[in-house]
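# what follows is a protein structure lacking sequence information:
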């Protein structure tokens, strides 16, 4: 009986698979076949699915990385790219909180990457998350949910809840902000008095 790998081990296997694929230029099928042969005691179905999904969304993830980096993706290390692809996949399609995803990506960058790669990964992911939360169309979330909508229809509800949450954050912030300004208080009182 095969054991299911832990989430950390799953991430490490995905990173190693993506790295091997980028370095050797082999197809997904060949790399995943080698992974199954090397990890005979582990169930690698989840790793295979994540790698296939990342392949489908690689172009969009590369655009996102290039958008928030002043370095072209051809000059970014393969390990760092693999970590960023996995983190962007998790941000887009998983139900984990963004700080957890960033923390896991930083751990992977410290373990597998160069000396300062964890800072680079942190900066790119932080910018991508902030841009996705602040943009009008929630580009990162909505773009990938169209891809995954038929496989996981709860994504549309997650997007709705995120937009609804941002709306209420705006309402609360604007009310607190307006009530703290003395000049606006009299202006607001004219509209809220009965």
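Looks like it arrived, so ask away. In this text the structure is predicted, and so the values were computed from the model without any measurement.

# is residue 3 bridged to anything, and to what?
residue 42 (DSSP bridges).

# from what I see, residue 101 and residue 128 are in contact.
No - distance between residue 101 and residue 128: 10.6 Å, which falls outside the contact criterion (CB atoms under 8 Å). Glycine gets a C-beta too; all of them are placed from N, C-alpha and C.

# who has more neighbours out of these two?
Under the neighbour definition other CB atoms under 10 Å, residue 101 and residue 128 were set side by side, and residue 128 has more, 24 against 20.

# got the contact list for the more buried one?
Neighbouring residues of residue 128 by CB atoms under 8 Å, 6 or more residues apart in numbering: 64, 68, 88, 91, 140.

# switch to 6 Å and redo it
64, 68 (CB atoms under 6 Å, 6 or more residues apart in numbering).

# where in this structure is the helix or strand with the lowest mean pLDDT?
Lowest mean confidence among the helices and strands of the chain (mean pLDDT, DSSP states H and E): helix 139-148, at a mean of 43.

# residue ranges with poor pLDDT in this protein?
Applying pLDDT under 70 to the chain picks out residues 1, 133-194.

# all helices for it, in order.
Along the chain, counting by DSSP state H, helices occupy 7-24, 28-38, 45-68, 78-93, 98-112, 117-134, 139-148, 154-180, 182-192.

# check which residues of the fourth one are buried.
Going by neighbour count (16 or more other CB atoms under 10 Å), the buried part of helix 78-93 is 79-93.

# who's in contact with that helix?
Contacts of helix 78-93 (CB under 6 Å, 6+ apart): 14-15, 18-19, 22-23, 54, 61, 65, 96, 101, 105, 108-109, 112-113, 117, 121, 124-125, 140, 144, 148.

# the third one now?
When contacts are taken as CB under 6 Å, 6+ apart, the neighbours of helix 45-68 outside the stretch itself are 10, 13-14, 17, 28, 32, 73, 84-85, 88-89, 124, 127-128.

# mind putting those residues in TSV, distance to residue 48 included?
Compiled in TSV, the contacts of helix 45-68 are given as follows (distance: CB to CB, whole Å):
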residue	distance to residue 48
10	11
13	10
14	9
17	9
28	8
32	5
73	24
84	20
85	15
88	19
89	14
124	26
127	30
128	25
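
# any chance you could list what contacts stretch 18-25?
The list of residues contacting stretch 18-25 from outside it, by CB under 6 Å, 6+ apart, reads 31, 78, 79, 82.

# farthest pair within those residues?
Farthest apart among the contacts of stretch 18-25 by CB to CB are 31 and 79. That separation is 15.4 Å.
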